[in-house]
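Participant: coords please:
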Amino acid sequence: MNSSPGFLGFFKTSIGRKWVVALTGLFLIFFVIVHMAGNLQMFAPTPDTINRYAELLKSNALVLWGFRAALLVATVLHIWGALSLARENRAAKPMNYAVTGRKARLGLTWASVTMVISGTVILGFVVFHLLHFTAQVVDRSYQEMEAVVDGRTMHDVHRMVVVGFSKPLISGFYVLAMGLLFFHLRHGAASVFQTIGIRDRALSRLIENASWALAVILFVGFSSIPVAVLLGVWKL
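Facilitator: Okay, the predicted model is just below:
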């Protein structure tokens, strides 16, 4: 009699859910890197660069919506895996550890303890960010912003971003979310490789340093745009 849990059964186990969190996390990290690269075109010599980029994405609707669907599935699976593991860990360790040294000996860090909390805030930010710049329902005046580029009329994304981040509360929330993303990625990126079985000490140190570097690059890259707007780098 075969007692193997099967493919779907494997992903109901703790190890399987850790793999789900790890693989979807890698995909989400890839998306965040690509998204940052696109956003940094705000610093191109002319606003036309990011407007062309945004128009190119909109013109490839099949690819764009296919990627969005994959992103949605990855996000749902990532949240499901993380929350189910967190509930399982709480059930296994119902007593709170009051001594910081005890946490350290158990291999816990401030970042790992707050992964679910930071992830929840980041999710809330993502929803707001989509409503703000993608759906453009927070400020409907964005929908009327147009620019003529190469003889074609298209959405003026550059102006929309400048107007949006000229509001200190929105920029502050954005930078705060990027700070939480920094801690989430710094811990999560390193945990991915532990999940897939990379435990060599020298390689683990390299992965740890690379995780820090990636988190810093993403924080600085994303935060630089609202900060630049507030500093008046671009004029309305």
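Participant: Quick check: phi and psi at His155.
Facilitator: The phi/psi pair for His155 (degrees, to the nearest 10) reads phi -70, psi 130.
Participant: ok, it - how many residues close by?
Facilitator: If you count neighbours by other Cβ atoms under 10 Å, His155 ends up with 18. Backbone N, C-alpha and C define where each C-beta goes, glycine included.
Participant: my read: it touches Val149, true?
Facilitator: No - contact between His155 and Val149 fails when scored by Cβ atoms under 8 Å: they sit 10.0 Å apart.
Participant: who touches both of these two?
Facilitator: Counting by Cβ atoms under 8 Å, 6 or more residues apart in numbering, the residues touching both His155 and Val149 are Asn51, Glu55.
Participant: Might you report the residue contacts of Tyr142?
Facilitator: Each residue near Tyr142 by Cβ under 8 Å, 6+ apart is listed here: Phe133, Gln136, Met160, Val163, Gly164.
Participant: ugh, wrong one, Asp156
Facilitator: Pro47, Asn51, Met145, Glu146, Ala147.
Participant: Just name the closest of the contacts of Tyr142 to Arg186, please.
Facilitator: Nearest to Arg186 out of those is Phe133 (Cβ to Cβ; 25.6 Å).
Participant: chain center to stretch 74-90, what's the gap?
Facilitator: Centroid displacement of stretch 74-90 relative to its chain, using Cα atoms, centre = their mean, to the nearest Å, is 16 Å.
Participant: now swap in stretch 171-191 and tell me
Facilitator: Mean C-alpha position of stretch 171-191 versus that of the full chain (Cα atoms, centre = their mean) differs by 8 Å.
Participant: This structure: strands as residue ranges?
Facilitator: 146-149, 152-155 (DSSP state E).
Participant: Output these in JSON lines, with mean pLDDT appended to each entry.
Facilitator: Formatted as JSON lines, the strands of the chain follow (pLDDT from 0 to 100):
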{"stretch": "strand 146-149", "mean pLDDT": "96"}
{"stretch": "strand 152-155", "mean pLDDT": "96"}
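Participant: follow-up on the earlier one: max pairwise distance over the contacts of Asp156: which two?
Facilitator: Farthest pair in the contacts of Asp156 (Cβ to Cβ) is Pro47 and Glu146. Separation: 12.0 Å.
Participant: Show me what the lengthiest helix in the chain is packed against.
Facilitator: Identified as the longest helix of the chain according to DSSP state H is helix 61-92. Helix 61-92 is packed against helix 14-39, helix 115-129, with contacts defined by 3 or more Cβ pairs under 8 Å, 6 or more residues apart in numbering; DSSP states H and E.
Participant: Quick one: closest of those to Ala202.
Facilitator: When the helices and strands packed on helix 61-92 are compared by Cβ to Cβ, helix 14-39 sits nearest Ala202, at 21.0 Å.
Participant: What is the closest one packed up against?
Facilitator: In terms of contacts (3+ Cβ pairs under 8 Å, 6+ apart), helix 14-39 is packed against helix 48-59, helix 61-92, helix 168-195, helix 201-230.
Participant: Give me the distance between that helix and the centre of its chain.
Facilitator: The chain centre lies 8 Å from the centre of helix 14-39; the measure is Cα atoms, centre = their mean.
Participant: if I look at Gly9, how far off is Gly16?
Facilitator: With the distance defined as Cβ to Cβ, to the nearest Å, Gly9 ends up 8 Å from Gly16.
Participant: Many thanks, I have nothing further to ask.
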